[in-house]
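Enquirer: Sequence below, structure please.
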Amino acid sequence: MQADGQADGERDDELYGDAAITLENNHLVLRFSHSPAFVGDLEHWQHDSFIARWRTAHIEDAYVTFALEPDGSIEQFKMEAVSPLADFSFDYQDLLFRPVTR
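Expert: All right, here's what the predicted structure looks like:
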């Protein structure tokens, strides 16, 4: 996020495609453009980490950890399942979202 509260641009992962973080009703929302079921409200966890609480009930919550640039913009983010009992098909640990360059 930028200091003015605007979205910091899209990010892309080779497996999941584009993701965007936006500010909606005063909280952050993560959306995957190619997977409409993946819309999650981000709750601050600790440091530069948040928990994505997915709006689709059967999707496992995920930690979202940001790496920031010196100006506070997002360099990249990665994810991992919150529950150690999460089904292995939620392969969040294999995702790495980087800035979209087109």
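Enquirer: Which secondary structure state does residue 93 sit in?
Expert: helix (DSSP: H, G, I helix; E, B strand; the rest coil).
Enquirer: Just the strands from the protein, written as ranges.
Expert: Using DSSP state E, the strands found in the chain span residues 10-13, 17-24, 27-32, 39-46, 49-54, 62-68, 74-81, 96-99.
Enquirer: Tabulate these (TSV), appending distance to residue 87.
Expert: C-beta here means a position set from N, CA and C on the backbone, and glycine is covered the same way. Below are these laid out as TSV (distance: least, Cβ to Cβ, whole Å):
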stretch	distance to residue 87
strand 10-13	19
strand 17-24	21
strand 27-32	18
strand 39-46	17
strand 49-54	14
strand 62-68	12
strand 74-81	9
strand 96-99	21
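Enquirer: export these to JSON lines and tack on mean pLDDT and mean neighbour count?
Expert: Listed next are the strands of the chain as JSON lines, based on pLDDT from 0 to 100; neighbours: other Cβ atoms under 10 Å:
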{"stretch": "strand 10-13", "mean pLDDT": "62", "mean neighbour count": "18"}
{"stretch": "strand 17-24", "mean pLDDT": "86", "mean neighbour count": "16"}
{"stretch": "strand 27-32", "mean pLDDT": "92", "mean neighbour count": "18"}
{"stretch": "strand 39-46", "mean pLDDT": "96", "mean neighbour count": "15"}
{"stretch": "strand 49-54", "mean pLDDT": "96", "mean neighbour count": "18"}
{"stretch": "strand 62-68", "mean pLDDT": "93", "mean neighbour count": "18"}
{"stretch": "strand 74-81", "mean pLDDT": "89", "mean neighbour count": "18"}
{"stretch": "strand 96-99", "mean pLDDT": "81", "mean neighbour count": "17"}
